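# Sequence first, predicted coordinates after that:
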Amino acid sequence: MLALRSTHRLSLRSLLPAAYKNVGLVSYSSQSKKDDGYSSSDDEKPTKKKDKPAEKETAAQRLNRLLGTMQATDQLSASDFPRPGDANRKRREAQKQEAASKNVLTAAKNIASMLGTSESDKKQTESELLAKLLGHGSESSPAAKGDNQTADASSDPAGEKELNLSDLIVGMKIDRRQQPQQDQTRGEYVRRSLASRSKHQGRDGSYQRPQRHMKREAESFTGSVNLYGGEPLGIFKDTQLPSSTDILSTWSQLSERELSLQASHPPANYFEQMVLWTDQNKVWRFPINNEQDWVDEVNVDFSEHIFLEQHLEDWCPSKGPIRHFMELVCVGLSKNPYVTAQEKKDHILWFRDYFQAKKDILKDLISKEPGKSISA
Amino acid sequence: MYLSRQWRLLPKAGIARSLSSSGAHYTTAAPAEDSPIEIPNRIERSPTDLLQALAATVGRDHTAPHYKYHDDPFLIPMSNAAKRTYALSKESGRKAAKWIKEEHRELFMHQEAQPAIEKFAPSMVYTEDSQVEESSLRQLIAQGELKDAVLVYNLLEQKGTVISPELKQSLLELVCFHNNQEPLPEEYIEERWFMQNNRRRERSGKTWKDGDLAEKLYSEIEPKTPQSYASLIRGMAKYLQCERAYALLQEAGEKQIQLDTNTFNSIIQIVNFLKDTAEQRWQLCTELLQEMSQQKLRPNLGTLNAVLQCISTFGNFKLARTAALQVLPEFKKLDVSPSLGTYYYLLIIFCRERGPVSHVIVDILNDIAGKEFKVQHPKDTYFFATAMDVCRNHLHDKALAKKVDELLHTGKNYDLIGDSFKESIYYRNYLALLCQTESIDDFMQTYDLLVPNIYIPEPGIMEEILRAIEINGGVEHVPRIWSDMVVFDHTHRESLLLCVLRILVDNKPNPESPAQQQLPEQGAKVALDMYEKVEDSIRRLRKVSFTGQMLGDILTLLVRGGNYEKATEVLSHIDKNQHRIPGTPAESALQEFVEASVQEKSPSQALVALQYAVENNIDSRTLAKRIHEGFTLNEAHLSKLKSLVGESFLDK
């Protein structure tokens, strides 16, 4: 019966609200929190040590410690931010709790009186009910818990495991005392002290860098460094070696171009813009030269553009309409800057071939019109 | 009357002066008889020399945005993000134009200009069935057009054209240099400027394409020439195929193939990938140098920098230092003059975060102050950012920082600042150092010079600046900084907002001093601005939200600046949204508000403040007392007061 009841007690549903309430209460209390947060909480350990096997104790210890730290963090986050309306809420909550605990007390008393017959029975049921309802955090009922424990332990060895856990839960009050140092393992000690240090620093808003910096500065000042006065490596003894040329011409071109690209920035004024365009061959190069980039006409004299009659001499009649026509063609061509001298010549020679081909027709025409003559 | 007389007098005086001066002009031009005229030799100028000389006369205008931005007030970038976006959009416009040119090539075939401008014509497209010759391959290689060159090479292969070994070799070099990947086109200058360190991150691992075209070309070249070895080794070293590069070098050594200095340099650069410990690396490094010496190869700047790069990867600080100090005199003896990249390596060798403090930068600056540098090595652009970082984080020395800055602005050294990323690191360190070490007025001068056109502080630097202002009590600068913060879009940083408010609230302006006379109003304006900004941002679902502290400070500033009307609005906001706003305003804020209410004779507002104080468990006694004394309250107000603080209070 008792064992059963204790398993009930174990169920999480009954556990959690209790723990919660605990946390809530604690967080509003004005005790200093930080120190406590890191001490593990098992105030019942000394008592347990007497009658429980060692391994289970350590398990309990660990769980307790874990819970201790958990609550500590909860606490911090809860109290970090004072919110408006806190005061009201606090007051209301306190009242509610008071009322609730009164109600619970009377209810428990009623039930106990209904169930029990003897005075001691009544007392026990009542205390058990209260222990369950109000949670184990209520510090007013250590007597009840003590009763429970002894009763459980003596009555049923089979339920020992559950009992152990239940003890554990009963013991889950938060220990606010500093835990003796020697109980911690070395590793744990280091870890915690580290954690607390980083917390400290985080709080103060001072970060590590300047501190380290100061320390370093104090610890060593090396003074100036004689960059070139040291003992040379002594590998290259012959300092008169001819400088080696890069055997890869394409590679060196490419790497040079890449290097210059690294030092080139977006143009910062119009002149630089012009430099860029000049390099890209988009504008005239300085010094400006009208004949820049002339490939086919470089070696052509201006006279070949202008005096085109020389191409008429060997075929064109010295007078007459064809001569007249061809002279006009020459004048026109000599004024055209858009075609090359060779093209002009070709143009004239085209006419020569044309007239040659039409020679017969022309002759006919001229013979029909006497007074005009053509010499071929 | 007086004026008209003056008018009449003016031209006469002008004429007289010009006459008298013109006479003097001619007398000065007396020829010096006994100095024969020497005509200097003609100096050959490159097409851009004249332009560059002109460009050198144009300094940087600190008051104007960079030339690349469109000259329109609406389009002046005012935050780092905008700078980047605008510049890159301009470039992407260029890219779009280029795309259209290529896509609709038939529209651009006409050649208006004489001589023709090849850049404006659509580029040649090589396809499977285009007629190609060896000459076109040669041209493509000269232009560095990797993709087309490879395509043309394949076409020539298919057709069975014989390619001269010398051309094949240059193609191998081209492919090795780019690892058979198309490089970023040269003209995308903005993209390169903003590219940051993507490329370096890429390069931390092996990217060499094993068994790709480069190796195929290499295997086709028979017999193996030193050139073919060199190009493959360099390519593998560049793209971190370290083991194979080193193996090839050894193979070449066994076959008695004479390589050149740059090939050795490329292997020295990757020594840290070949060996793990500092001692092993140093050993291999010296071995390679020995080998060079045996082959009678003269080391160059690349060798020096490669050795120093290898040394900079040593974990062993002492070994690194001694090795570096041995290498430098060795190369000095060989007349290798260091570049900025050399000094960059020295800085990272000597000034380590965990090592002892080294003042090597002092010696470096003594060495190079006033010198003008040209880019000679890829790492040259790392020097300035690193030097400033050392000045700030390692030595914390203002004078040194100024020296570095002077060096940066010597001659054309600014070209070596690197890219936008390094430039902003440089200025970030510079400003942060100055704001910690200089008096606030001196600092603000530098600030005015650099911000916003050259550098826009990041929020972290803004915070440092604000802290400096707070420490130096330069509260009169806060409004200016705030307006900058608004422009730079820092207003959604809660820590910055709190900092501004804290400084304004904690430093009550002194009405005596002329600099601070405007301050209350300005403070109120800042507060109001901030209030509106935050409200705005809440509506836009951004991350900032009010805290009680913040609102309290805003309230105080509004009251101090005499903007009571807005102050009441803020208070009602606080009151209405009690449950949404974490934290409460400071008690002093409410006190100042009540005090102002007394001045303004509006008891109802004072009572609102009191009610808020009572509800939020702020000490309300002094407030209530002040209200009771300051006003002659009517019945309604009196009863409200009673209900808030209780009957007992009034009896006292």
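Sure thing, it's come through. Numbers count the residues shown, from 1 in each chain, chains lettered A, B, ... in the order given.
# ok but residue A:285 is inside a helix, no?
No: Residue A:285 is assigned coil when assessed by DSSP: H, G, I helix; E, B strand; the rest coil, not a helix.
# can I assume it is in contact with residue B:50?
No: Residue A:285 is beyond contact range of residue B:50, at 10.2 Å (criterion: C-beta atoms under 8 Å). C-beta here means a position set from N, CA and C on the backbone, and glycine is covered the same way.
# Name the residues contacting each of the two.
Among the neighbours of residue A:285, none is also in contact with residue B:50 (C-beta atoms under 8 Å, 6 or more residues apart in numbering or on different chains).
# Could you list which residues are in contact with residue A:288?
Residues counted as contacts of residue A:288 (C-beta under 8 Å, 6+ apart): none.
# quick one: secondary structure of it?
Look at residue A:288: counting by three-state DSSP, its state is coil.
# Return the backbone torsion pair for it.
phi -70, psi 130 (degrees, to the nearest 10).
# got any ranges where chain B has weak pLDDT?
Where chain B drops to pLDDT under 70, the residues are B:1-33, B:196-204, B:515, B:540-543, B:647-652.
# Any idea which residue is closest to the centre of it?
Central residue of chain B (C-alpha atoms, centre = their mean): residue B:424, 1.9 Å from the mean position.
# Do I have it right that that residue meets residue B:455?
Yes: counting by C-beta under 8 Å, residue B:424 touches residue B:455, with 6.5 Å between them.
# Show me the chain divided up by domain.
The chain I'm using is chain A. A:2-197, A:302-368 (automatic domain parsing).
# Wait, chain B was what I had in mind.
B:475-585, B:591-652.
# okay, how far is it across the longest one, tip to tip?
Terminal residues of domain B:475-585 are spaced 22 Å apart (C-alpha to C-alpha, to the nearest Å).
# Wondering if it reaches chain A at all.
Yes: using C-beta under 8 Å from any C-beta of the partner chain, domain B:475-585 reaches chain A at B:548, B:578-579, B:581-584.
# Now list the buried members of those residues.
Buried by 16 or more other C-beta atoms under 10 Å in any protein chain shown: B:548, B:578, B:581, B:583-584, out of the residues of domain B:475-585 next to chain A.
# Just to be sure, which of these are found in helices?
residue B:548 (DSSP state H).
# Looking at the domains of chain B, which one is packed in the most?
domain B:475-585 (a mean of 19; mean count of other C-beta atoms under 10 Å in any protein chain shown).
# And residue B:442, how close does it get to chain A?
As judged by C-beta to the nearest C-beta, to the nearest Å, residue B:442 and chain A stand 22 Å apart.
# Equivalent analysis for residue B:186, please.
Taking C-beta to the nearest C-beta, one finds residue B:186 at 6 Å from chain A.
# Apart from its chain neighbours, what residue comes closest to that residue?
Leaving aside its sequence neighbours, residue B:186 sits nearest to residue A:261 (C-beta to C-beta, 6 or more residues apart in numbering or on different chains; 6.5 Å).
# so after the helix or strand harbouring that neighbour, what's the next helix or strand?
Assigned by DSSP states H and E, residue A:261 belongs to helix A:249-262. Moving toward the C-terminus from helix A:249-262, the first helix or strand encountered (DSSP H and E) is helix A:270-279.
# Specify the angle between that next one and helix A:249-262 in degrees.
Per axes from the mean of the first three to the mean of the last three C-alpha atoms, to 10 degrees, the angle that helix A:270-279 makes with helix A:249-262 is 160 degrees.
# what's helix A:270-279 packed up against?
helix B:49-56 (3 or more C-beta pairs under 8 Å, 6 or more residues apart in numbering or on different chains; DSSP states H and E).
# what sits against residue B:121?
If a contact means C-beta under 8 Å, 6+ apart, then residue B:121 has B:108-109, B:111 as its contacts.
# mean pLDDT for the domains of chain A: which is lowest?
Taking the mean pLDDT of each of the domains of chain A, the lowest value is held by domain A:2-197, a mean of 52.
# rewinding a little: any idea which of the residues of domain B:475-585 next to chain A is closest to chain A?
Nearest to chain A among the residues of domain B:475-585 next to chain A, counting by C-beta to the nearest C-beta, is residue B:578 at 4.3 Å.
# so the residue nearest to the centre of chain B is in which element?
Assigned by DSSP H and E, residue B:424 falls in helix B:420-437.
# hmm, who's touching that helix?
Contact with helix B:420-437 is made by B:80, B:83-84, B:193-194, B:196-197, B:381-382, B:384-385, B:388-389, B:391-393, B:396, B:398, B:401, B:405, B:408, B:417, B:442-443, B:446-447, B:450, B:454-455, B:457-458, B:461, B:464-465, B:467-468, as judged by C-beta under 8 Å, 6+ apart.
# Stretch B:231-248 now?
So stretch B:231-248 is contacted by A:248, A:251, B:169, B:172-173, B:175-177, B:179, B:203, B:205-210, B:214-215, B:218, B:229, B:249, B:252, B:259, B:262-263, B:266-267, B:269-270, B:273-274 (C-beta under 8 Å, 6+ apart).
# And for stretch B:594-612?
The contact list for stretch B:594-612 (C-beta under 8 Å, 6+ apart) reads B:559, B:564, B:567-568, B:571-572, B:574-575, B:578, B:590, B:593, B:618, B:620, B:623-624, B:626-627, B:630-631, B:633, B:637, B:640-641, B:644-645.
# 7 Å instead?
B:559, B:564, B:567-568, B:571-572, B:574-575, B:590, B:593, B:620, B:623-624, B:626-627, B:630-631, B:633, B:637, B:640-641, B:644 (C-beta atoms under 7 Å, 6 or more residues apart in numbering or on different chains).
# Work out the gap between the helix holding residue B:424 and the centre of the chain.
Using C-alpha atoms, centre = their mean, to the nearest Å, the mean C-alpha position of helix B:420-437 is found 9 Å from that of the whole chain.
# Flag every buried residue along that helix.
B:420, B:422-437.
# Can you give me the buried ones in whatever helix or strand comes next after it?
Next helix or strand after helix B:420-437 toward the C-terminus (DSSP H and E): helix B:440-450. Under the neighbour-count criterion of 16+ other C-beta under 10 Å, helix B:440-450 has B:440, B:443-444, B:446-447, B:450 buried.
# Contact partners for residue B:407?
B:365, B:368-369, B:413.
# Residue B:104: which of those is nearest?
residue B:413 (44.2 Å; C-beta to C-beta).
# follow-up on the earlier one: kindly give a single ChimeraX line that selects the buried subset of the contacts of stretch B:231-248.
If you want just the buried ones from these in ChimeraX, going by 16+ other C-beta under 10 Å, the selection is:
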select /A:248,251 /B:169,172,173,175,176,177,179,208,209,214,215,218,229,249,252,259,262,263,266,267,269,270,273,274
